[in-house]
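Asks: make a model of this:
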Amino acid sequence: MFKKLSIAMPLVQGLPAEVVESLLNGVLEARKEFEGEVEIHTCVDLFPYDRARNFLFGESLESGCDLIWCLDSDCLVPKGAFTKLYATLTSRSAQAVLAHNYMRGYPYVSSWFSPLGDTFVHSSAGSGVHKIRSGAFHCVLIDLKWVKENMKEPYFKYTPHKDEEYRVMEDAWFFKKMGESSGLVLGDADVRTGHVYTRIVVSDKTIGVLRKLQLTALEEVDL
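Replies: Numbering: from 1, shown residues only. Reported below is the predicted structural model:
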């Protein structure tokens, strides 16, 4: 189905050492499991991130890639991540499949969003594949050919919200446009990444302790 894979990584100079091995293992796995060509596209310290992501999508499209695996430089990629995401994308005819990850900072909730009435709420799951509205570009596999045929550039935009105190992040902008074009976005909770933040990994194993520490700190401040 897909002929050419782009592994797109917007890197920073302060790349955490903890992620290097997992990113390299992820690249090796994709190269082994994907039957077509594999290319790596990167940029360094290109901010804000809408510029970096637009650049990487442009480079990948120009190179003829029809599938793109986006990995952030603070992502601990679990073993088998690409294989599972690819199987979900192809078997369910999805346009994007996101791995599960927790946001950095209290209350350390999932980055996935799902509709609830007239609004959107954080959604999470311990396992399985779920239809979601959007999420972070932490570890996501996307049908790039579909994007090219159904979405208009710029694909990413970091823009002010109608409430000027807030900003719409570039990943939310992308998934909003994908949804408007009837793209199917799935979250695969069986692919669970770690999120490195000031040398703290936010994952299933740590969120309980992190939440407890935060609540303890708030209680001490109240006193």
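Asks: where along the protein do the helices fall?
Replies: 17-33, 49-62, 81-91, 144-150, 170-180, 207-222 (DSSP state H).
Asks: contact partners of the fourth one?
Replies: Counting by CB atoms under 8 Å, 6 or more residues apart in numbering, helix 144-150 makes contact with 2, 6, 57, 60-61, 65-68, 95, 155, 178, 181-183, all of which sit outside it. C-betas here are computed from N, CA, C, even on glycine.
Asks: quick one: mean pLDDT for it?
Replies: For helix 144-150, mean pLDDT rounds to 98.
Asks: one more: the fifth one?
Replies: Confidence for helix 170-180, expressed as mean pLDDT, is 95.
Asks: where does the chain have low pLDDT?
Replies: Applying pLDDT under 70 to the chain flags the ranges 161-166, 220-223.
Asks: tell me if I'm right that Glu39 and Leu5 touch.
Replies: Yes. Between Glu39 and Leu5 a contact is recorded at 7.2 Å, counting by CB atoms under 8 Å.
Asks: between the two, which has more neighbouring residues?
Replies: Leu5 (26 against 15; other CB atoms under 10 Å).
Asks: contact partners for the more buried one?
Replies: Shown in contact with Leu5 (CB under 8 Å, 6+ apart): 30, 34, 36-39, 65, 67-69.
Asks: go again using 7 Å as the cut-off
Replies: For Leu5, the contact set (CB atoms under 7 Å, 6 or more residues apart in numbering) comprises 30, 34, 36-38, 65, 67, 69.
Asks: for Asp204, same thing?
Replies: Contacts here follow CB under 7 Å, 6+ apart; on that basis Asp204 touches Arg192.
Asks: phi and psi next, for it.
Replies: When read as degrees, to the nearest 10, the backbone of Asp204 gives phi -60, psi -40.
Asks: make a markdown table from the helices of the chain and add distance to Val129 and mean neighbour count to it.
Replies: Formatted as a markdown table, the helices of the chain follow (distance: least, CB to CB, whole Å; neighbours: other CB atoms under 10 Å):
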| stretch | distance to Val129 | mean neighbour count |
| --- | --- | --- |
| helix 17-33 | 18 | 15 |
| helix 49-62 | 24 | 19 |
| helix 81-91 | 6 | 19 |
| helix 144-150 | 18 | 18 |
| helix 170-180 | 17 | 20 |
| helix 207-222 | 22 | 11 |
